[in-house]
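K.L.:
Output the structure for:
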Amino acid sequence: MNARFADPREGTPVEDGPLGTPVPDLGAGPPAPAPRSAVRPSTVAPSTVAPSIADPRDRSARARAAAARERSWPPCGAEPPLDPAGDDAPIARRGVNWRWLAGGILTGATDAHKDRMIASIGPFWDANETWLVLAVGLLLVAFPFAQGAVLGALYLPVALMLAGLILRGVAFDFRAKAQDGHRIWWDRAFFAGSLIATLTQGYMLGLYITGFERTGVNVAFSILTAVSLTAGYAFIGASWLILKTEGELQRRAVRWARGTLWLVALGFVAVSVMTPLMSERIFAKWFELPYLVLLAPVPLVTAGLFVMLHLVLKVLPTRTDSFAWAPFAGAIALFTLGFYGLAYSFFPYVVPEKITVWEAAASDASLMIMFVGACLVLPMIAGYTVLSYWIFRGKAGALRYD
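P.N.:
Here you go, the predicted structure:
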């Protein structure tokens, strides 16, 4: 319940919030020391004072008093307002902030909301790890001859990626048992592991597209894809937080998504320019008929998705939380189109322009055993994944380790 109380220093009514907490005038300028003559006590009853006929000096004093109250706001225990030029400012104002760079990368951005961010991905953590292990295992068993060529060319980045994934997994579980003074180090380890894993994945993608040839241009392109893919993971994480959180954390997630969206777009453009230049065969599949008809919808739909995401993020968050699902759905669509474009370009080669799918495939007996196993395992994984998403639908709650 709000109430009006007379300010004894000004003799004018002041609008107060619940339980007498002053409501800050966010439009007031910086506070300045008020001269004694500007603040004159009044014995006139509040109801008889008309603000429209108050002395101008009184109005100036009221503005300074409101500014002083704003400086002391928020009350103890509340979260401070964001500094628009601080660590969470948009990329356009502060350049690339590496602390923005999907779950683990974004946890480097704030201290107040880390637990809520961890809580939003906790129920799905193990299911996602299962998909990763299954996908890598199936690819290695299905294409053993490509394994040697790919791992031989990417041995160091693969080792770094595995180290990052291990560090990320260990930190995710150990922070639950750590004391308050030690938890910050596990948070930093979680952030570092996530950053290492995503950067190395992007670097390996760039080397794969360029046929594992390490020239100056190819390495520079691989570094660009590393940064862009990391931004892509950060965009997915921010979109997930928009869907699963509310309040201040959701507003921050919207800003993170806005800041990383165009880095993702830059990566898409770079890959689209470099891929057809790597091979005459790929160039023909992109720009000659009738192949052009199969690929033309992909860049058009992708460009439309980027524009749609930009417009949606401009109006988010909404009061009714409508369209909170749109950024995450758009992120899924973007990466699906990206995978389709790469598969279309490189097929039938597993190792670009060197080893085809049929040359790299295992024996028929091995493939049959793997096929039967996949038919048994995949429905189970898909089933409990859908079940976990259904059970933990809605907004993420507070993090608890009971």
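
K.L.:
Show me where the stretch 301-402 of the chain has its helices.
P.N.:
326-346, 357-360, 364-391 (DSSP state H, counting those that start in this stretch).

K.L.:
L261 is nearest to which of the ones you listed?
P.N.:
In this view, the helices of the stretch 301-402 of the chain are compared for proximity to L261 by C-beta to C-beta, and helix 326-346 is the closest at 8.8 Å. In short, each C-beta sits where N, CA and C put it, glycine included.

K.L.:
hmm, back to that, so which of the helices of the stretch 301-402 of the chain comes closest to W185?
P.N.:
The closest approach between W185 and any of the helices of the stretch 301-402 of the chain, judged by C-beta to C-beta, belongs to helix 364-391 at 29.4 Å.

K.L.:
follow-up on the earlier one: how about the helices of the stretch 301-402 of the chain, which one is nearest L160?
P.N.:
Of all the helices of the stretch 301-402 of the chain, the one in closest proximity to L160, counting by C-beta to C-beta, is helix 326-346 (22.2 Å).

K.L.:
who touches the closest one?
P.N.:
Helix 326-346 is contacted by residues 209, 232, 235-236, 238-240, 242-243, 257, 264, 268, 271-272, 275-276, 282, 285-286, 294-295, 298, 301-302, 305-306, 308-309, 312-313, 316, 352 when judged by C-beta atoms under 8 Å, 6 or more residues apart in numbering.

K.L.:
hmm, try it at 7 Å
P.N.:
Helix 326-346 is contacted by residues 235-236, 239-240, 242-243, 257, 268, 275, 282, 285, 294-295, 298, 301-302, 305, 308-309, 312-313, 352 when judged by C-beta atoms under 7 Å, 6 or more residues apart in numbering.

K.L.:
just the helices of the stretch 301-402 of the chain: most buried one?
P.N.:
Among these, ranked by average contacts under mean count of other C-beta atoms under 10 Å, first place goes to helix 326-346 (a mean of 17).

K.L.:
ok, back up a step: mind giving me the ChimeraX select for the contacts of helix 326-346, buried ones only?
P.N.:
Only the buried members of those end up in this ChimeraX selection, burial being decided by 16 or more other C-beta atoms under 10 Å:
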select :235,236,239,240,242,243,257,268,275,282,285,295,302,305,309,312,313,352
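
K.L.:
With distance to P123 and mean pLDDT added, can I get the helices of the stretch 301-402 of the chain in a markdown table?
P.N.:
Formatted as a markdown table, the entries for those read as follows, by distance: least, C-beta to C-beta, whole Å; pLDDT from 0 to 100:
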| stretch | distance to P123 | mean pLDDT |
| --- | --- | --- |
| helix 326-346 | 16 | 94 |
| helix 357-360 | 36 | 90 |
| helix 364-391 | 6 | 89 |
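
K.L.:
Would you mind telling me which of these is nearest V136?
P.N.:
Nearest to V136 among these is helix 364-391; the distance by C-beta to C-beta comes to 13.2 Å.

K.L.:
who does that closest one touch, helix- and strand-wise?
P.N.:
The criterion is 3 or more C-beta pairs under 7 Å, 6 or more residues apart in numbering; DSSP states H and E, and the helices and strands that helix 364-391 contacts are helix 125-142.

K.L.:
Extract the CA atoms of the helix or strand following the helix it packs on and return them as CSV.
P.N.:
Beyond helix 125-142 on the C-terminal side, the first helix or strand identified by DSSP states H and E is helix 144-153. Extracted in CSV, the C-alpha atoms of helix 144-153 (Å, rounded to 0.1, in the frame of the first residue of the first chain):
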residue,chain,number,x,y,z
PRO,A,144,37.3,-45.6,-38.8
PHE,A,145,39.5,-44.7,-41.8
ALA,A,146,38.5,-41.1,-41.6
GLN,A,147,39.3,-41.1,-37.9
GLY,A,148,43.1,-41.3,-38.5
ALA,A,149,43.1,-38.5,-41.1
VAL,A,150,41.0,-36.1,-39.1
LEU,A,151,42.6,-36.7,-35.7
GLY,A,152,46.1,-36.7,-37.2
ALA,A,153,45.4,-33.2,-38.6
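
K.L.:
quick one: buried residues of the helix or strand where F268 lies?
P.N.:
For F268, the enclosing helix or strand under DSSP H and E is helix 247-277. For helix 247-277, burial by neighbour count (16+ other C-beta under 10 Å) applies to 249-250, 252-261, 263-265, 267-268, 270-272, 274-276.
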